[in-house]
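Undergrad: Here is the input, now give the coordinates:
(2 chains)
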2 protein chains.
Amino acid sequence: MDQSDQHFLNRAIVQAIKSAGEGGVPVGAALAWRGTLVSEGHNQRQQKHVVTLHGETDCIMKAGLFGRWHETTLYTTLSPCMMCSGTIIQFGIPRVVIADAVNFGGNEEFLRARGVTVDIVNDATMIAFFKDWQGRNAEIWNGDIGIPS
Amino acid sequence: MDQSDQHFLNRAIVQAIKSAGEGGVPVGAALAWRGTLVSEGHNQRQQKHVVTLHGETDCIMKAGLFGRWHETTLYTTLSPCMMCSGTIIQFGIPRVVIADAVNFGGNEEFLRARGVTVDIVNDATMIAFFKDWQGRNAEIWNGDIGIPS
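TA: Residues are numbered from 1 along each chain as shown, chains lettered A, B, ... in the order given. Purely as a prediction, here's the structure:
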């Protein structure tokens, strides 16, 4: 984690907080290439009524046909679910930086086994922020990760 | 594979052929619940200029907040990539029916190891159809599955 990493992780955090302000699931992501922002995004479940737009997939969708995924780093506020981990692997994104692997996780070793560098920051502010939201929004959160209501 | 399965697989096939007609990657999918269509979709890479909308993820996105993923079957014309496989697992879709696991594949055992029933039809018409398209569109196809150009 250098200054550039912190900058892009902060962009992901801003996305998460924006999503919370929209009544959405507060997970954000940013994609960087050679120290430059490619795209950023946040979970859109509540905003667009789809399950496939997590922070990471919304961010990657917004990168359009950028294509040079194998030279990027993906910053995310919450450890990637299986859908997002599969996406990272499929497009060959070589590195993921995670602010919070406490409130959700479990795919870090799967990513590493497929050659992805996984850096876990465990930012105390983001862990407290997400834990608070999760406690007040259990049904939305369960739907977001595929647990039937 | 019963008559109902063939019906929904045919819907996925219609989606793939529609996508081809739009100049897109010809992969389609359909999602069924209790013998009823929930949603259908096709790869949107060329049409919408995003990499995350494969046939399966476009179909699941179009199901909105349906939610009862654990009671559905997903029909797809081409064996799911790692992104789509991760999505199937994350949302607990219990069964996938694949028309063509010859021109692309490799995640079938991964899906099975996570509890997904994977039925491979290997439809000769669809295998020939996709192989022909793939041969004429190598660059688009490589980009679609994350191989850098």
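Undergrad: Please enumerate the helices of chain A.
TA: For chain A, applying DSSP state H gives helices covering A:3-21, A:45-48, A:55-62, A:82-90, A:108-113, A:124-136, A:138-144.
Undergrad: neighbouring contacts of the fourth one?
TA: Defining contact as Cβ atoms under 8 Å, 6 or more residues apart in numbering or on different chains, one finds that helix A:82-90 is touched by A:52, A:54-57, A:60, A:74, A:76, A:80, A:96, A:107, A:110-111, A:114, A:116, B:52, B:81-87, B:89-91, B:145-146. (C-beta placed from N, C-alpha, C; glycine too.)
Undergrad: Near chain B, which residues of chain A? Just list them.
TA: Neighbours of chain B within chain A, by Cβ under 8 Å from any Cβ of the partner chain: A:45, A:49-53, A:57, A:60-61, A:63-65, A:67-70, A:81-87, A:89-92, A:143, A:145-149.
Undergrad: of those residues, buried ones?
TA: Buried residues within these, counting neighbours by 16 or more other Cβ atoms under 10 Å in any protein chain shown: A:45, A:50-53, A:57, A:60-61, A:63, A:67, A:69, A:81-87, A:89-92, A:143, A:145-146.
Undergrad: low pLDDT regions in chain A?
TA: By pLDDT under 70, chain A contains no weakly predicted segment.
Undergrad: residue closest to the middle of it?
TA: A:Thr76 (3.2 Å; Cα atoms, centre = their mean).
Undergrad: so what's that residue up against?
TA: A:12, A:27-29, A:55-56, A:84, A:96-99.
Undergrad: run the last query once more with 6 Å
TA: A:Thr76 sits next to A:12, A:29, A:55-56, A:98 when contact means Cβ atoms under 6 Å, 6 or more residues apart in numbering or on different chains.
Undergrad: close enough to count as contact, A:Ala29 and A:Asp58?
TA: No - using Cβ atoms under 6 Å, A:Ala29 is not in contact with A:Asp58; the gap is 7.1 Å.
Undergrad: picking up where we left off before, need the contacts of A:Thr76 in JSON lines with neighbour count, can you?
TA: JSON lines is the format used below for the contacts of A:Thr76 (neighbours: other Cβ atoms under 10 Å in any protein chain shown):
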{"residue": "A:Ala12", "neighbour count": "29"}
{"residue": "A:Ala29", "neighbour count": "32"}
{"residue": "A:Gly55", "neighbour count": "31"}
{"residue": "A:Glu56", "neighbour count": "32"}
{"residue": "A:Ile98", "neighbour count": "26"}
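Undergrad: of those, closest to chain B?
TA: The nearest member of those to chain B, counting by Cβ to the nearest Cβ, is A:Glu56 at 9.6 Å.
Undergrad: Nearest residue to the closest one in space, ignoring adjacent ones along the chain?
TA: Leaving aside its chain neighbours, A:Glu56 sits nearest to A:Cys84 (4.0 Å; criterion: Cβ to Cβ, 6 or more residues apart in numbering or on different chains).
Undergrad: again, but for A:Gly92
TA: Spatially, and ignoring its direct neighbours in sequence, A:Gly92 is nearest to A:His70 (4.3 Å; Cβ to Cβ, 6+ apart).
Undergrad: Kindly report the same for A:Asp123.
TA: A:Ala99 (4.4 Å).
Undergrad: before we move on, what about A:Ile147?
TA: Distances taken as Cβ to Cβ, 6+ apart place B:Gly92 nearest to A:Ile147, at 8.0 Å, with adjacent residues excluded.
Undergrad: tell me the contacts of A:Gly40?
TA: You called it Gly, but residue A:40 is Glu. Contacts of A:Glu40 by Cβ under 6 Å, 6+ apart are A:11, A:15, A:30, A:59.
Undergrad: Go again with 8 Å.
TA: A:11-12, A:14-15, A:28-31, A:59, A:62.
Undergrad: Which of these sits closest to chain B?
TA: Using Cβ to the nearest Cβ, the shortest approach to chain B within those belongs to A:Lys62, at 8.2 Å.
Undergrad: Please tell me I have it right and that closest one contacts A:Gly41.
TA: Yes - between A:Lys62 and A:Gly41 there is a contact at 5.0 Å, judged by Cβ atoms under 8 Å.
Undergrad: Identify the residues contacting the closest residue in space to A:Ile145 that isn't next to it in sequence.
TA: Spatial nearest neighbour of A:Ile145, excluding adjacent residues (Cβ to Cβ, 6+ apart): A:Cys81 at 5.8 Å. Each residue near A:Cys81 by Cβ under 8 Å, 6+ apart is listed here: A:54, A:104, A:107, A:145, B:86, B:90.
Undergrad: That concludes my questions; thank you for your assistance.
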